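One predicted model, sequence on top.
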Amino acid sequence: MGIRGGSFDSYDAWIQHGDSYGPWEIALGLEWQKNQGDNDRVIDKDYVSTIAPALSQTPGSLPTSYEVVDTNAAIRHSNWEGHLYLNLRKSDAGLGSLQALADGSELDATNLLADLNYSYDKSFQDVVMEVKVYYSYKEGDNLVQLLPALFLDMRGNPIVIHQDGGLELTGAY
């Protein structure tokens, strides 16, 4: 386990464990990170400052803060092995999608990956056979302020969901 801190009000804490329990081998990990962003990354001019300087938020700091939770687990017994990964991320989006400094944009992401593997090497001499089943889930729930609210209060909320899975059969000689 450990903790650390750094510039931009960065914090990180993690714990990991791995051991054997009878015939089972287990590994677990959990990490949390938070960063307040680099306020010295200043945008002097943007799209809005060229057409409506009074409504622009420039000069201003580029929002770059984020928070992440990252987990993983692995288990093994005999010829079986399984993994689970989960990553949750929330961050500022930086510039709005129209390349203008605009407060209020956030990106939320969820990533999940799970797999189960079976390996059999005793069927034939010098032949290894493996079976793998996996599943992947990714979700992005984003709130994007296109331009500064005083200029034109337009927001987008694109949500992306992607799921994938499969079965793999492998033989090697």
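Yep, it's here.

Can you pull out the low-pLDDT segments for this structure?
Applying pLDDT under 70 to the chain flags residues 97, 123.

longest strand of it?
strand 128-145 (DSSP state E).

Which SSE is immediately downstream of that strand?
strand 155-156 (DSSP states H and E).

Show me what that next one is packed up against.
strand 128-145 (3 or more CB pairs under 8 Å, 6 or more residues apart in numbering; DSSP states H and E). The way it works is simple: take the backbone N, C-alpha and C, and place the C-beta from them, glycine included.

so how far is the strand it packs on from its chain's centroid?
The chain centre lies 11 Å from the centre of strand 128-145; the measure is CA atoms, centre = their mean, to the nearest Å.

And that strand, what's buried?
By 16 or more other CB atoms under 10 Å, the buried positions in strand 128-145 come out as 129-130, 142, 144-145.

So what are the sheet partners of it and their directions?
strand 106-120 (antiparallel), strand 155-156 (antiparallel), strand 159-172 (antiparallel) (DSSP bridges).

so how far is Ser61 from Asp40?
Separation of Asp40 from Ser61 (CB to CB, to the nearest Å): 7 Å.

Those two: which is more packed in?
Higher neighbour count among Asp40 and Ser61: Ser61, with 14 against 9, using other CB atoms under 10 Å.

Report the contact partners of that one.
37-43 (CB atoms under 8 Å, 6 or more residues apart in numbering).

give me the beta-bridge partners of it?
Assigned bridge partners for Ser61, using DSSP bridges, are Val42.

Against Leu30, how distant is it?
From Ser61 to Leu30 the distance is 31 Å (CB to CB).

what do you get for Gly5?
Taken as CB to CB, the span from Gly5 to Leu30 is 18 Å.
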